[in-house]
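Chemist: okay, sequence plus prediction incoming.
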2 protein chains.
Amino acid sequence: MPSRIPVAKELAEIFKALSHPDRVRLIEELRGSEQDVNTLAERLDLPGPRVSQHLGLLRAQRLVDERRDGRRHLYHLTQPEIADWIVSGLDFVEGRLSTLNAETLEAARRLWAVGGKQQSV
Amino acid sequence: MPSRIPVAKELAEIFKALSHPDRVRLIEELRGSEQDVNTLAERLDLPGPRVSQHLGLLRAQRLVDERRDGRRHLYHLTQPEIADWIVSGLDFVEGRLSTLNAETLEAARRLWAVGGKQQSV
DNA sequence: TGCATATCTGCAAAAACATGCAGATATGCA
DNA sequence: TGCATATCTGCATGTTTTTGCAGATATGCA
């Protein structure tokens, strides 16, 4: 039954889209509300073109979408639950690095949880 | 607050480990029980050394672990819930490709669910 | 010991990615 | 129209991954 192969491929592509720290942080920044490229670039302390490129990749994978307001390009998560899904992935981070202490992890967990909403996945 | 950066980095590394179709399928194969390298290689129709290398990478990320039985190396998921987590990621695959019809996706969902256990994440 | 099986490691070539920067496009306003 | 702002695209370079294959190691058995 090779029908599962395309599904694995699709999943792998989503994972690949999320496999860069900058992109993880972009999703994080977008968890609450839409943001324009310039704001994101400043908050992540990254050059604009780079943010633009990362966002383009996330958009190609339909993880984010864009709308325009004047000269600004506003990006938002297509499926806000993806932030919840990612935060649930923190369970697998636990106990991996000694440099990641419990407080750091807890802080990240709180940070990521969208407005205190309980996880739906 | 730069403390979230290492967490994003850790998450990105997990995602990277899962960002190859072969590795997604390996996790899938291991969802129910441990398997030796040779069996995995046959089931996925991949050369042995390649499977070995993928498993080594997954092990470096602590997603799988190994035990030996005679000359065979048996691999298993360190956290079986990771399979549930991945299956919940199928929600984000939905509606992405016209080549992935609903039945294929449903089949994948059933396939991945560990023994009908409901998702814990 | 000698041979077959099971798996791993190392190496070289190809492909994919990340990054920095220059220049292109598009919008808003004077 | 002309200029500044916001963002995107293209290109060159350096770094990682992936892949195939040869050879090394380790175990079991005759």
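Modeler: Cool, got the structure. Numbering: from 1, shown residues only, chains lettered A, B, ... in the order given.
Chemist: please identify the helix or strand for A:His76.
Modeler: strand A:72-77 (DSSP states H and E).
Chemist: buried residues in stretch A:44-57?
Modeler: Neighbour counts over stretch A:44-57 (16 or more other Cβ atoms under 10 Å in any protein chain shown) mark A:44, A:46, A:51-52, A:54-55, A:57 as buried. Every residue, glycine included, has its C-beta placed from N, CA and C.
Chemist: the residue nearest the centre of chain A: what's it in contact with?
Modeler: Centroid-nearest residue in chain A, with Cα atoms, centre = their mean: A:Ile27, separated by 2.5 Å. Shown in contact with A:Ile27 (Cβ atoms under 8 Å, 6 or more residues apart in numbering or on different chains): A:18, A:58, A:63-64, A:77, A:82-83, A:86.
Chemist: pLDDT score for it?
Modeler: Listed pLDDT for A:Ile27 reads 96.
Chemist: check whether the helix or strand of chain A with the lowest mean pLDDT comes near chain B.
Modeler: Lowest mean confidence among the helices and strands of chain A (mean pLDDT, DSSP states H and E): helix A:102-112, at a mean of 74. Yes - against chain B, helix A:102-112 shows contacts by Cβ under 8 Å from any Cβ of the partner chain at A:104-105, A:107-108, A:111.
Chemist: and for stretch A:61-79?
Modeler: Yes - with Cβ under 8 Å from any Cβ as the measure, stretch A:61-79 is seen reaching chain B through A:62-63, A:79.
Chemist: now the strands for chain A?
Modeler: Here chain A has its strands, by DSSP state E, at A:35-36, A:64-69, A:72-77.
Chemist: the first one packs against which elements?
Modeler: So that's strand A:35-36. strand A:72-77 (3 or more Cβ pairs under 8 Å, 6 or more residues apart in numbering or on different chains; DSSP states H and E).
Chemist: as TSV, the residues of stretch A:61-79 next to chain B with pLDDT and neighbour count would be great.
Modeler: Compiled in TSV, those are given as follows (pLDDT from 0 to 100; neighbours: other Cβ atoms under 10 Å in any protein chain shown):
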residue	pLDDT	neighbour count
A:Arg62	92	15
A:Leu63	94	21
A:Gln79	91	15
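Chemist: so of these, which ones are in helices?
Modeler: Here DSSP state H is the test, and those give no hits in helices at all.
Chemist: just the pLDDT for A:Ser98.
Modeler: Value for A:Ser98, per-residue pLDDT: 54.
Chemist: how about A:Val24?
Modeler: pLDDT at A:Val24 comes out at 96.
Chemist: how deep is it tucked in, by neighbour count?
Modeler: A count of neighbours around A:Val24, defined by other Cβ atoms under 10 Å in any protein chain shown, yields 26.
Chemist: now it: how far from A:Glu103?
Modeler: 20 Å (Cβ to Cβ, to the nearest Å).
Chemist: please apply the same query to A:Ala17.
Modeler: Going from A:Ala17 to A:Glu103 by Cβ to Cβ gives 29 Å.
Chemist: comparing those two, which residue is more hemmed in?
Modeler: Shown here are A:Ala17 and A:Glu103; by other Cβ under 10 Å, A:Ala17 has more neighbours (23 against 9).
Chemist: list the contacts for the nearest residue to that one once chain neighbours are set aside?
Modeler: Excluding the flanking residues, the one nearest A:Ala17 by Cβ to Cβ, 6 or more residues apart in numbering or on different chains is A:Gln61, at 4.2 Å. Residues in contact with A:Gln61 (Cβ under 8 Å, 6+ apart) are A:13-14, A:17.
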